[in-house]
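**Q** here are the coordinates; sequence isn't available:
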């Protein structure tokens, strides 16, 4: 199956490839396969693909959910693939068939699993029940509306401070804490003039003695200092033993008040994966060989966060997922052509994390490091370029620039509704959600 | 209280005015009062003001909810007023105090009620339980996601057509039906290439023998013809006796299949209003005199949809609400200055309704009528200008132009999540909403 548009070697029908999961890995696989004339079906449990790196902007009222969610049907149309909304419930490798909840069964010649991961709680009691995530569109909306509801409550009752705890000092936690700090120092005053900044506490708790573990020490130190300068309470070497509805209990015996606790401390495969009958490794991830085929399988691949290559998970980032997705697609082509598969080699293009306005860290291969405003501009540019869809790109540009220009005037925050059960939790009963 | 910025006659403290409801009427009142130096508190049950005329665009995936929802706190900041999130539960006219659910009690010197109306079901069985509204942000999101979920279901199972019924042939119903027809003829094909347009049925049902009753006959006829040309089944002189989960029963005995039924057939005051102890008239509206003061009250006004002036409700539109809001504010100023109040006179600036791309109707005073593309451009321009907030305006311009340019390519629809209970209703079980 050479890379000739739409054609297959004479006498051969184009192979049917099913890709499950429309994140970075799945979309990269679909794009590469379409290029090679396969008949591709992309399956996802949502009708949209979520651009996770910008979810924290949705969560801090800076972007619309629609800016970071791209309709999969538009994507597959461009790549001459089909889409099926559904949740994977089973894989029958012998019959070469996948089962979806309520959406039937589908046969494949090759299968690429790119379903990603979800929050891992490491046995911390109460974490699943009492914390919010930041991995899905729904998570981001819920977090945004809970924070804003809590601020409304503070405006009514000044006696009880707001305590927001972000658990996890990786990029996700740092970016969220930084954006919350910005919301507090700019929009908060404009929108809630009677509320003092000092009544809103933002903490980051990290088990390790440092934030941003994959980064070099100078960048870690810079990040920590920047967050503290912005009024974030950075708690390192801090381990949580339990989470309740209004506080966080530490292993050293201390209790810390926490109205809103966000869990950004780790990921693992969803429990669903166990139903698929495939070998699982670290964190429940699917074990694959060097060519990304699942151990013991010749037609099933796994790519992205969900894959553990010979037991090792790559960094849970976009680049590895994209590269793996493309690689798996190329191996499908090789197999169809009767050629041997090749091992995957990850090309580290660098990592980055943002802290706030004009403040980010970028670490490129060969020791090149950037921080501050140039890093921040690079971060902005990269994320806008990789965001799917021109409409989304323009909308995100509009909203991000609006945020940075006019937040101080109280304008431009994108607000929504309390979830009714949430409003009760923070002590308010709005009428029917509207 | 002359219109001098921030000052009041010497020796007098600025009067405290409470405005309840942040729709067209309430915001107009606040803006006028701020201008005159009153101490204003604006109360609403949401943190945002909803631009209702564009909700049908949210419902048909053309605009973000955030484009039509403006944060009230940004508004009050501009007008030097305060905001309190809360739902009005009682009015104590003797003590000059309002009570809010969970948000305490507040005293006023003058009170302006601008709380609007909600759907009225006229005793039609099943209407409240089985229909969707289009009056709130939440309504619009829910309708959008239900329609898209139903289309996803159609893509899986071609045997069962999609039937969407819009009840009500006024501007709301016409605009929604027209936009749904456009979604079907442009984005549908691009996004669901295996689904036939003929499988998606859109109906408008109107009790009267004509659509758009307030408009002149030629514009009504044009509208009806335009909708029919766009494949909408217009059912006039059609009265509904009952709504069930999958069909609509007519008074003539016929049953019409309906997966999704939208109720845009009439409005009335919310049942809450009865708790406020004020005289109610037609549709539960609050009875006011010519100067917009509530019958029997000297310090309480009602404006907008919720008011019935000597028993008559004005058209349930933006202009009357805006004009009444300003008028009430001026009467407050008159009362403070010890001057007599003046009667309200409505200046009819015209009415308009849109049908689809390049197709709208505009009816101006003195018999001037416009239809077609110029009417549509006028409609677009007016709505963009009156939309609150530059960010929202720019975002709406971006999204509306995107819709009209690129829908045919399947891009640009703004999608979301099924509400979990909704997905079960249309036969799908997505995993945890994301």
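**A** All right, it came through fine. Since the structure is predicted, the reported quantities are computational estimates derived from the model, not experimental observations.

**Q** pick out the residue closest to the middle of chain A.
**A** residue A:52 (3.6 Å; Cα atoms, centre = their mean).

**Q** enumerate every residue touching it.
**A** Counting by Cβ atoms under 8 Å, 6 or more residues apart in numbering or on different chains, residue A:52 touches A:23, A:68, A:135. C-beta: built from backbone N, CA, C; applies to glycine.

**Q** from those, which is closest to residue B:330?
**A** Set against residue B:330, the nearest of those by Cβ to Cβ is residue A:68 (45.2 Å).

**Q** follow-up on the earlier one: which of the contacts of residue A:52 are close to chain B?
**A** residue A:135 (Cβ under 8 Å from any Cβ of the partner chain).

**Q** for the contacts of residue A:52, give me TSV that also has neighbour count and pLDDT.
**A** As requested, the contacts of residue A:52 are exported to TSV (neighbours: other Cβ atoms under 10 Å in any protein chain shown; pLDDT from 0 to 100):
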residue	neighbour count	pLDDT
A:23	24	95
A:68	27	91
A:135	19	92
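
**Q** now residue A:311, nearest residue through space, not along the chain?
**A** Spatial nearest neighbour of residue A:311, excluding adjacent residues (Cβ to Cβ, 6 or more residues apart in numbering or on different chains): residue A:281 at 5.2 Å.

**Q** which one of the contacts of residue A:52 is nearest to chain B?
**A** Of all the contacts of residue A:52, chain B sits closest to residue A:135, with 7.9 Å by Cβ to the nearest Cβ.

**Q** which single residue of the stretch 251-400 of chain A ends up nearest chain B?
**A** Proximity of the stretch 251-400 of chain A to chain B (Cβ to the nearest Cβ) peaks at residue A:391, 4.7 Å away.

**Q** where exactly do the helices run in the stretch 51-200 of chain A?
**A** Taking DSSP state H, counting those that start in this stretch to define them, one finds helices in the stretch 51-200 of chain A at A:55-59, A:72-78, A:127-130, A:137-156, A:171-185, A:187-191.

**Q** just to be sure, the residue of the stretch 251-400 of chain A closest to chain B is in a helix?
**A** Yes: Residue A:391: assigned to a helix according to DSSP: H, G, I helix; E, B strand; the rest coil.

**Q** that one reaches residue B:402, doesn't it?
**A** Yes: shown here, residue A:391 and residue B:402 form a contact pair, counting by Cβ atoms under 8 Å, at 4.7 Å.

**Q** what about the residue of the stretch 251-400 of chain A closest to chain B, neighbour count?
**A** 23 (other Cβ atoms under 10 Å in any protein chain shown).

**Q** mind checking pLDDT for it?
**A** With respect to pLDDT, residue A:391 has a value of 83.

**Q** next one: residue A:49
**A** 94.

**Q** which ones are touching it?
**A** Residue A:49 neighbours (Cβ under 8 Å, 6+ apart): A:22-23, A:27, A:69-70, A:72, A:75, A:388.

**Q** and the contacts of residue A:52 as TSV, adding distance to residue A:99?
**A** Formatted as TSV, these follow (distance: Cβ to Cβ, whole Å):
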residue	distance to residue A:99
A:23	21
A:68	30
A:135	25
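
**Q** which of the contacts of residue A:52 lies closest to residue B:172?
**A** residue A:68 (30.4 Å).

**Q** may I have the phi/psi pair for that closest one?
**A** The phi and psi torsions at residue A:68 (degrees, to the nearest 10) take the values phi -110, psi 10.

**Q** show the contacting residues for it.
**A** Residue A:68 is in contact with A:50-52, A:54-55, A:57-58, A:137, A:140, A:387, A:392, A:396, counting by Cβ under 8 Å, 6+ apart.

**Q** between the residues you listed, which is closest to residue A:178?
**A** When these are compared against residue A:178 (criterion: Cβ to Cβ), the nearest one is residue A:57, at 11.1 Å.

**Q** skipping adjacent residues, who's closest to the closest one in space?
**A** That would be residue A:63: by Cβ to Cβ, 6+ apart, it lies 4.2 Å from residue A:57.

**Q** residue A:103 now?
**A** Nearest non-adjacent residue to residue A:103 (Cβ to Cβ, 6+ apart): residue A:86, at 3.6 Å.

**Q** quick one, phi psi at the one you found?
**A** Note on residue A:86: backbone dihedrals following degrees, to the nearest 10 are phi 180, psi 160.

**Q** give me the number of residues near it?
**A** Using other Cβ under 10 Å, residue A:86 has 24 neighbouring residues.

**Q** repeat that for residue A:92.
**A** Residue A:92: 13 neighbours (other Cβ under 10 Å).

**Q** also residue A:310?
**A** Neighbours of residue A:310 using other Cβ under 10 Å come to 10.

**Q** need the residues of the stretch 251-400 of chain A near chain B, please.
**A** Checking the stretch 251-400 of chain A against chain B by Cβ under 8 Å from any Cβ, the hits are A:272, A:389-391, A:394-395, A:398-399.

**Q** which of those sit farthest apart?
**A** Checking those with Cβ to Cβ, the most distant pair is A:272 and A:398, at 37.1 Å.

**Q** relative to residue A:67, how far out is the closest residue to residue A:384 other than its chain neighbours?
**A** Residue nearest to residue A:384 in three dimensions, not counting chain neighbours: residue A:393, with 5.7 Å by Cβ to Cβ, 6+ apart. To residue A:67, residue A:393 is 9 Å away according to Cβ to Cβ, to the nearest Å.

**Q** show me whatever sits in contact with both of the two.
**A** Common contact partners of residue A:393 and residue A:67 (Cβ under 8 Å, 6+ apart): residue A:387.

**Q** who has more neighbours out of these two?
**A** A count of neighbours by other Cβ under 10 Å puts residue A:67 above the other of residue A:393 and residue A:67, at 29 against 16.

**Q** could you give me the buried positions within the host helix or strand of residue A:332?
**A** Assigned by DSSP states H and E, residue A:332 belongs to helix A:318-336. Of the residues in helix A:318-336, A:318-333, A:335-336 count as buried by neighbour count, 16 or more other Cβ atoms under 10 Å in any protein chain shown.
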